[in-house]
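>>> below are the sequence and a predicted model; questions follow.
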Amino acid sequence: MDVELEFNINEDYHRGLCANLRERLRKVERGGGDKKIAREHERGKMTARERVSFLLDKGSDYYEIGAFAADGMYAEYGGCPSAGVVVVIGRVSGRQCVIVANDATVKAGAWFPMTAKKNLRAQEIAMENRIPIIYLVDSAGVFLPLQDEIFPDKEHFGRIFRNNAKMSAMGIVQVAAIMGSCVAGGAYLPIMSDEAMMVEKTGTVFLAGSYLVKAAIGETIDNETLGGAHTHNAISGVADYQYDSDEECLKGIRDIFSRMGKQAGAGFDRIKARKPVKSPQSLFGILPKDGVKPYNMRSVLERIVDGSELQEYKEQYGQTLICAYARIDGWAVGIVANQRTVVKNGKKEMQMGGVIYGDAADKAARFVMNCNQKRIPLVFFQDVSGFMVGSKAEHGGIIKDGAKLVSAMANSVVPKFTVVVGNSFGAGNYAMCGKAYDPRLMLAWPSAKLAVMSGASAAKTLLQIKKSTLERQGKKLTAKEEQRLLEDITSRYEEQLSPYYAAARLWIDAIISPLDTRRWLANGIELANNAPLEKAYNAGILQT
């Protein structure tokens, strides 16, 4: 195919994916819908997103985590857009922080299982990066039909309060604003924060509401008298501040943040930023529409890093992985990226699928160690189908080399960031710092696919299993039946490959346009720079 024509086809396809992303984000941002939004306004309340927008510094960048959480889930209950909670990283009075705002337009802000998971992720970001966290509380409590999936386990609702206590002990500032309902166990979250404020006539907090009090002990009392702003500021002393409106309460939070002192950071190196020399807009045409076609990952990286400059480590060795020093918005970074086109001995050799070979794994392990010694944050760009297989690879010690890379990456003490560009399959996901290995941010482009293996490979494997089962039963598929079954299996598996499927389950923090990659990574490194490195890297793990 003509190079220019292929570029244009790729560009149209990936721009279309980004247009779909924007449209899906707009839908999610409506929460429970226009009628529910209007109802909140009638009650004199701002919506969750309006509160967040009002609180953030005007004109400053912000980054939403888990916008697609619970997407396509809980259909039998009418859905739960964004898991009923908005989580944003942004600036308040100049200070980077995490904001968690219950969305009362979605099931009155009730907690679904994914709501708990998303809240825990927000707290994890605050703890890892030693940044303050703000809770804008407006929730009816646990969604009772699913209580068994949210109440008793280690990573369920109670973990939130455990984290409240841990963060206070770590010196991480927590400020909570009770701007609506705050019921039962959920009452502990704001009150275990360092400072709690309430909005009069809309904010209430109690272990049991008026109906339950009546049923339990026969007392007749209204919710405002039981646990309103005046009660908890003038009588119980549970809250610290009282405000007449959402706006005044949010101004109060900004006032608290304006007086915070600065703390020592990690000291990562940063100089004046330079834009890429090569146009980021051309990223859309470089990345193939077909996820198995080769392309040069260097061309992608050159459109993300400062000055389009890469200083490659062992450039001619282990060429299925690119390891390079660079800068992103002035920040020094070490990049580990899967290469899909390899040049060996001056001849172009196509490596389909981003396979990791033993020499590449060995190189990357050593590079990760070097970045740790130099206190340089790591950025992984994934387009990987896994490690090389076969007798040659096994005899060459691919398992040992892969283990060295996984060990080096897992024990890294500098912050790690991961961007899924294309495929993220099998053990390649792990070696390239998948979610299980604690990247500070796990991002995906709309072209990303995450699974144990590709859709085609999985479908053929599952079809063979099905055919073998039927043959043992004395049955045999016709060619037409076999094709129909293959198409059905492929369709179901492809749905699970989607980045939206991953984002719904918080396997990734956000789906972003390729053009936003620099901005997200620069913000992530700035966040990480707030937290001093607490331990030294042990290079001994690489000795074999």
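Great, that's in hand. Numbers count the residues shown, from 1 in each chain.

>>> pretty sure Asp153 is in a strand, no?
No. With DSSP: H, G, I helix; E, B strand; the rest coil as the criterion, Asp153 is located in coil rather than a strand.

>>> run a quick neighbour tally on it.
Applying other Cβ atoms under 10 Å, we find 13 residues neighbouring Asp153. Bear in mind the C-beta positions are built from the backbone N, C-alpha and C, glycine included.

>>> with Ser447 instead?
Burial measure for Ser447: 23 neighbouring residues, criterion other Cβ under 10 Å.

>>> do the same with Gly59
Other residues within reach of Gly59, judged by other Cβ under 10 Å, total 6.

>>> buried set for stretch 220-240?
Using 16 or more other Cβ atoms under 10 Å as the test for burial, stretch 220-240 gives Asn223, Glu224, Leu226, Gly227, Gly228, Ala229, Thr231, His232, Asn233, Val238, Ala239, Asp240.

>>> quick one: contacts of it?
Residues from elsewhere that reach stretch 220-240, judged by Cβ atoms under 8 Å, 6 or more residues apart in numbering: 178, 191, 195-201, 203-206, 209-210, 213-214, 241-243.

>>> ok, Gln123 touching Met167?
Yes. Contact status for Gln123 versus Met167: in contact at 6.9 Å, counting by Cβ atoms under 8 Å.

>>> pLDDT-wise, which helix or strand of this structure ranks last?
strand 347-350 (a mean of 60; mean pLDDT, DSSP states H and E).

>>> dump the buried residues of stretch 220-240 into CSV; add distance to Glu6 as well.
Output for the buried residues of stretch 220-240, formatted as CSV (distance: Cβ to Cβ, whole Å):
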residue, distance to Glu6
Asn223, 64
Glu224, 66
Leu226, 67
Gly227, 64
Gly228, 65
Ala229, 63
Thr231, 68
His232, 65
Asn233, 66
Val238, 64
Ala239, 62
Asp240, 62
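
>>> on that earlier part again, just the buried members of the contacts of stretch 220-240?
178, 191, 195-200, 203-206, 209-210, 213, 241-243.

>>> follow-up on the earlier one: tell me the strands beside the helix or strand just after the least confident helix or strand of the chain, with direction?
Of the helices and strands lying after strand 347-350 in sequence (DSSP states H and E), the nearest is strand 355-356. Strand 355-356 has these partner strands in its sheet, going by DSSP bridges: strand 386-387 (parallel).

>>> check what contacts the strand it pairs with and list those residues.
With contacts defined as Cβ under 8 Å, 6+ apart, strand 386-387 is touched by 355-357, 361, 393, 398, 402, 425-428, 431, 453.

>>> dump the residues you listed to CSV, plus neighbour count.
Shown next, in CSV, are the contacts of strand 386-387 (neighbours: other Cβ atoms under 10 Å):
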residue, neighbour count
Val355, 20
Ile356, 28
Tyr357, 22
Ala361, 27
Ala393, 18
Ile398, 21
Gly402, 26
Phe425, 23
Gly426, 17
Ala427, 17
Gly428, 22
Ala431, 31
Met453, 17
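
>>> what two of these are the furthest from one another?
Within the contacts of strand 386-387, Ala361 and Met453 form the most distant pair, 19.0 Å apart (Cβ to Cβ).

>>> and the strands in the stretch 201-350 of the chain?
Secondary structure of the stretch 201-350 of the chain, counting by DSSP state E, counting those that start in this stretch: strands at 241-243, 311-312, 321-328, 331-338, 341-344, 347-350.

>>> of all these, which one comes closest to Ile271?
That would be strand 321-328 among these, by Cβ to Cβ, at 7.1 Å.

>>> can you list contacts of the closest one?
With Cβ under 8 Å, 6+ apart, strand 321-328 has contacts from 271, 273-274, 297-298, 301, 304-307, 309-314, 332-339, 356, 360-361, 363-364, 367, 376, 379, 518, 521-522, 525.

>>> give me the mean pLDDT for that strand.
Throughout strand 321-328, pLDDT has a mean value of 98.

>>> sheet partners, orientation included, of it?
Partners of strand 321-328 in the sheet, by DSSP bridges, are strand 311-312 (antiparallel), strand 331-338 (antiparallel).

>>> for Tyr135, find the nearest of those strands.
Short answer: strand 331-338, nearest of these by Cβ to Cβ, at 29.5 Å.

>>> can you list contacts of the closest one?
Applying Cβ under 8 Å, 6+ apart, the set of residues contacting strand 331-338 from outside is 268-270, 297, 300-301, 305, 310, 320-327, 354, 356, 364, 367-368, 370-371, 374, 376-384, 428, 432-433, 521-522, 525-526.

>>> tell me how far it lies from the chain's centre.
Put simply, strand 331-338 sits 19 Å off its chain's centre (Cα atoms, centre = their mean, to the nearest Å).

>>> using CSV, write out every CA atom in that strand.
The C-alpha coordinates for strand 331-338 follow below in CSV (Å, rounded to 0.1, in the frame of the first residue of the first chain):
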residue,chain,number,x,y,z
TRP,A,331,11.6,16.1,33.7
ALA,A,332,14.3,13.5,33.3
VAL,A,333,12.8,10.1,32.6
GLY,A,334,14.0,6.6,31.7
ILE,A,335,11.8,5.0,29.0
VAL,A,336,11.3,1.3,28.3
ALA,A,337,9.2,0.7,25.2
ASN,A,338,8.3,-2.3,23.0
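
>>> what element comes up after the helix ranked longest in the chain heading to the C-terminus?
The longest helix of the chain (DSSP state H) is helix 3-28. Of the helices and strands lying after helix 3-28 in sequence (DSSP H and E), the nearest is helix 34-42.

>>> who touches that following helix?
Arg30, Gly31, Met46, Thr47, Ala104, Thr105, Val106.

>>> number of residues surrounding the closest residue to Gly354 other than its chain neighbours?
Excluding its sequence neighbours, the residue lying closest to Gly354 (Cβ to Cβ, 6 or more residues apart in numbering) is Asn338, at 4.0 Å. Residues near Asn338, counting by other Cβ under 10 Å, number 27.

>>> bridged to Asn338, which residues?
Beta-bridge pairing of Asn338 under DSSP bridges involves Leu321.
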